[in-house]
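Visitor: pasting the structure only:
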């Protein structure tokens, strides 16, 4: 193993991070060559900086006009220059502020500076790199996004465990607890991914349910089990009902217990409507971690970034930073959220006032989607028929689950779309 | 193993790809859920498309003004919309055209459509995912970029083998051949990464050397060994001397022998001076691959992309596409290359006319860099002294190798910078 990896592991010795690490988590390091020497030179090379792998003139990276003309208001450091491995320090600091604003429970608490990565998927993938392997399965809901299984099984060669997300029309707290206990018993530790608003159901826990989840993690931790709680907050803040827990579970997990490592996956991708920019953040916290240990785990993540993409795209980071600093941005977001709320309300009204012998809406109250449980496991047949006969596109998640993204259906079409879905299902 | 992975493996059965696959290469698949159903809906959902995980109004993704104002000439599909997993079809087709233009030997030959990924590092990382593992080492030059080792050892848990890149002031053909033979003997197959123009030396092979490399790979293949030749062409085309082989080794390897899988790593990052955009391409070819097998390996790469970043950044892709389509782009590139040629000529002149008892320039003729072999292994001490005493920043690659990026030093400063480097080295 590389001496730099051993050094980081030594720093993390005895911590919950060390106990949860995968094989790759143990191996990762950040080479102290080009990047760190370049950092020194950026400060001290007053005469000439020959460390930079870019074409530089008079100290400034050169930007071709063929790029410049499409981003006229940005300078070359905001467009063509390399970004830092863990992202722009300005945007990282600002995003942390925003996290605290949106999750007041985190105020005054110790947690990491967000690490910027190329999108939400990258957060999940890097966390899997560091903490999931053949002997360390991931636990997530069923149904869930198909990429969780791809990352866990195909990329990490690990087992993917699931708990039934809903039982009797409610979030399945008992199922989650039983699944966590089973993993804890078998492996001595648990790695659970909790995604709210949930894809594909569009469900977020109520305040009481959130409290119950926190308590079951606390109990596990107090019993001596190590627990990694990964909160996939991709759709954070898109809540359409009043009883939803308004803060991320991370706000309660970050300092819950020394046996709990809480990681938050979030970013402007969905929340700030910047899907194609590919900008996501890894933020982590644990009760007993020292500052040195925070730095060491950040360095491990930087090793994961360096060895996969080197760094994230600069134009995307600049565009996000400018928007977050723009006083008009929040107002524009609110407008868009209002539009989504209108679509949700229309869906909610339809579902509440119509009966179907084939379709049962899974609990939904947030996010971009809602899903139906389809009797008889004919979701694929229903999807194809809707597309071919009615020109309506929906997603078959599995034979029993049909997902509708109301985020992409104009409000005035919602009643017609849902009528067709119910009618076609009824005919089958 | 997932049935979709088994299906792809069945298609690749008996091919050089199957023989070279890593454990992860065998496991990877592309979920046929959300993305492919979304593709069908994009075509046929004439009434309403409820498959899209974006906020869409009237069929168009919504772009906030806070983003739009910094990219006024691009539409929302060119900025905030998700890109396709393997990248924009337009840019992929155009990049393939450009590859053939730059490598006329490829004209009429069968090789893949380039797969767009987030930067050159991502190409190397994905190729390592598919073909490197604990029993399948990577072979590369010494010295080389530190990320090769990080990817191979830390990310893939594999061994990293090196051959001495230069011997007696020349590219070490014999060393490369011996190292390939040793791997072939021990593992039955070889995975070799050849990076030209080389980082850190700035060396590209002459026409004769390129021919010799191709011949040694052919001989290995004819002896029944499977060979993966990964050409890292990051700095392609930045050639400053006339005897350099003008085409990528990929142009000769792509149809060399059915036992050879040739992969080309390239992109506009360095070549088109778009460092921070993070846009790279994976292109592959092998003599006996069928169309179905080309598709299957592309799908495997898409599984690697999906499970790590989902897709690459849209603004970056749009900016690159617009530039490549811009008639002024090539002229602007030429200007910049002329500037780099001027810097190279100044370095070349200095090195050819000065002697040092401590420094020997490694062979260099191309790219962004040149390096010195430092007598006594004091490269780090020399680097620190240059920075502290003279305000000159350079990179210590290893105790015997000091890298100077003349790409980032203004031409009028080059004589002074190199004088200082020689003087300070002499004093030590």
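Guide: Received it, and whenever you're ready, just let me know what you need. On a predicted model such as this, the values are computed, not experimentally measured, just so you know.
Visitor: Just the buried residues of the worst-scoring helix or strand of chain A on mean pLDDT, please?
Guide: In chain A, no helix or strand scores lower on mean pLDDT, DSSP states H and E than helix A:34-44, which sits at a mean of 89. Of the residues in helix A:34-44, A:34, A:35, A:37, A:38, A:41, A:44 count as buried by neighbour count, 16 or more other C-beta atoms under 10 Å in any protein chain shown. Yep, even glycine has a C-beta here, placed from its N, CA and C like the rest.
Visitor: which secondary structure elements does it contact?
Guide: For helix A:34-44, the packing partners by 3 or more C-beta pairs under 8 Å, 6 or more residues apart in numbering or on different chains; DSSP states H and E come out as helix B:379-390, strand B:392-393, strand B:395-398.
Visitor: Give the partner strands of the shortest one in its sheet and their orientations.
Guide: The one in question is strand B:392-393. strand A:48-49 (parallel) (DSSP bridges).
Visitor: Quick one: low-confidence residue ranges for the stretch 101-250 of chain A.
Guide: By pLDDT under 70, the stretch 101-250 of chain A has no low-scoring segment.
Visitor: could you pull out the strands for it?
Guide: Secondary structure of the stretch 101-250 of chain A (DSSP state E, counting those that start in this stretch): strands at A:115-117, A:138-142, A:160-164, A:166-167, A:170-171, A:189-195, A:226-232.
Visitor: Just tell me which of those strands ends up closest to chain B.
Guide: Smallest distance to chain B across the strands of the stretch 101-250 of chain A (C-beta to the nearest C-beta): 8.4 Å, for strand A:115-117.
Visitor: Neighbouring strands - and their directions - for that closest one?
Guide: Here strand A:115-117 has these sheet partners by DSSP bridges: strand A:280-285 (antiparallel).
Visitor: quick revisit: I'd like the strands of the stretch 101-250 of chain A written out as TSV, with mean neighbour count and distance to residue B:426 added.
Guide: Shown next, in TSV, are the strands of the stretch 101-250 of chain A (neighbours: other C-beta atoms under 10 Å in any protein chain shown; distance: least, C-beta to C-beta, whole Å):
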stretch	mean neighbour count	distance to residue B:426
strand A:115-117	27	44
strand A:138-142	24	58
strand A:160-164	18	62
strand A:166-167	16	75
strand A:170-171	18	73
strand A:189-195	24	57
strand A:226-232	26	55
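Visitor: Residue A:25 touches residue A:128, doesn't it?
Guide: No - applying C-beta atoms under 8 Å, one finds residue A:25 not in contact with residue A:128, separated by 9.9 Å.
Visitor: Please give the number of neighbouring residues around residue A:372.
Guide: If you count neighbours by other C-beta atoms under 10 Å in any protein chain shown, residue A:372 ends up with 28.
Visitor: Same check on residue A:49?
Guide: Around residue A:49 there are 23 residues (other C-beta under 10 Å).
Visitor: What residues does it make contact with?
Guide: By C-beta atoms under 8 Å, 6 or more residues apart in numbering or on different chains, residue A:49 lies in contact with A:41, A:42, A:56, A:59, B:392, B:393, B:408, B:409.
Visitor: Disregarding flanking residues, what is the spatial nearest neighbour of it?
Guide: residue B:393 (4.2 Å; C-beta to C-beta, 6 or more residues apart in numbering or on different chains).
Visitor: now do residue A:314
Guide: In space, residue A:314 is closest to residue B:276, 3.1 Å off (C-beta to C-beta, 6+ apart).
Visitor: Contact partners for residue A:207?
Guide: Here residue A:207 is in contact with A:243, A:244, A:245 (C-beta under 8 Å, 6+ apart).
Visitor: Repeat the analysis, applying 10 Å as the threshold.
Guide: Counting by C-beta atoms under 10 Å, 6 or more residues apart in numbering or on different chains, residue A:207 touches A:242, A:243, A:244, A:245, A:246, A:247.
Visitor: which of those are close to chain B?
Guide: With C-beta under 10 Å from any C-beta of the partner chain as the criterion, those include none near chain B.
Visitor: What's the PyMOL syntax to select whichever of these are buried?
Guide: A single PyMOL command is used to select the members of the contacts of residue A:207 judged buried by 16+ other C-beta under 10 Å:
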select buried, chain A and resi 244+245+246+247
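Visitor: now the helices for the stretch 101-250 of chain A?
Guide: A:120-131, A:146-149, A:173-187, A:207-222, A:250-253 (DSSP state H, counting those that start in this stretch).
Visitor: closest to residue B:383 out of those helices?
Guide: Ranking the helices of the stretch 101-250 of chain A by their distance to residue B:383 (criterion: C-beta to C-beta) puts helix A:120-131 first, at 31.1 Å.
Visitor: Figure out how far the closest one is from the centre of its chain.
Guide: Computed by C-alpha atoms, centre = their mean, to the nearest Å, the separation of helix A:120-131 from the middle of its chain amounts to 9 Å.
Visitor: quick one: it to strand A:280-285, angle?
Guide: 40 degrees (axes from the mean of the first three to the mean of the last three C-alpha atoms, to 10 degrees).
Visitor: In helix A:120-131, which residues are buried?
Guide: By neighbour count on 16+ other C-beta under 10 Å, the buried set for helix A:120-131 is A:120, A:121, A:122, A:123, A:124, A:125, A:126, A:127, A:128, A:129, A:130, A:131.
Visitor: Nearest spatial neighbour of the third one, chain-adjacent residues omitted?
Guide: Just to be clear, that refers to residue A:122. Spatial nearest neighbour of residue A:122, chain neighbours left out: residue B:309 (5.0 Å); criterion: C-beta to C-beta, 6+ apart.
Visitor: The second one too?
Guide: With C-beta to C-beta, 6+ apart as the criterion, residue A:121 has its nearest non-adjacent residue at 4.0 Å, and that residue is residue B:310.
Visitor: before we move on, what about the fourth one?
Guide: Once its chain neighbours are removed from consideration, residue A:123 has its nearest residue in residue A:265; the separation is 3.9 Å (C-beta to C-beta, 6+ apart).
Visitor: looking at it, that neighbour is touching residue A:271, isn't it?
Guide: No - contact between residue A:265 and residue A:271 fails when scored by C-beta atoms under 10 Å: they sit 11.5 Å apart.
Visitor: Between the two, which is the more surrounded one?
Guide: Using other C-beta under 10 Å as the criterion, residue A:265 and residue A:271 rank with residue A:265 on top: 27 against 19.
Visitor: Give me the pLDDT value at the more buried one.
Guide: pLDDT recorded at residue A:265 is 98.
Visitor: Tell me which helix or strand comes right after whichever strand or helix holds it.
Guide: With elements taken from DSSP states H and E, the one containing residue A:265 is strand A:260-266. Next helix or strand after strand A:260-266 toward the C-terminus (DSSP H and E): helix A:268-271.
Visitor: Now do the SS call for the residue nearest to residue A:122.
Guide: Recorded secondary structure, residue B:309: coil (DSSP: H, G, I helix; E, B strand; the rest coil).
Visitor: Just give the nearest non-adjacent residue to the residue of the stretch 1-150 of chain A found nearest chain B, would you?
Guide: When scored by C-beta to the nearest C-beta, the stretch 1-150 of chain A has residue A:41 as its residue closest to chain B, at 2.7 Å. Distances taken as C-beta to C-beta, 6+ apart place residue B:393 nearest to residue A:41, at 2.7 Å, with adjacent residues excluded.
Visitor: Lovely, talk soon.
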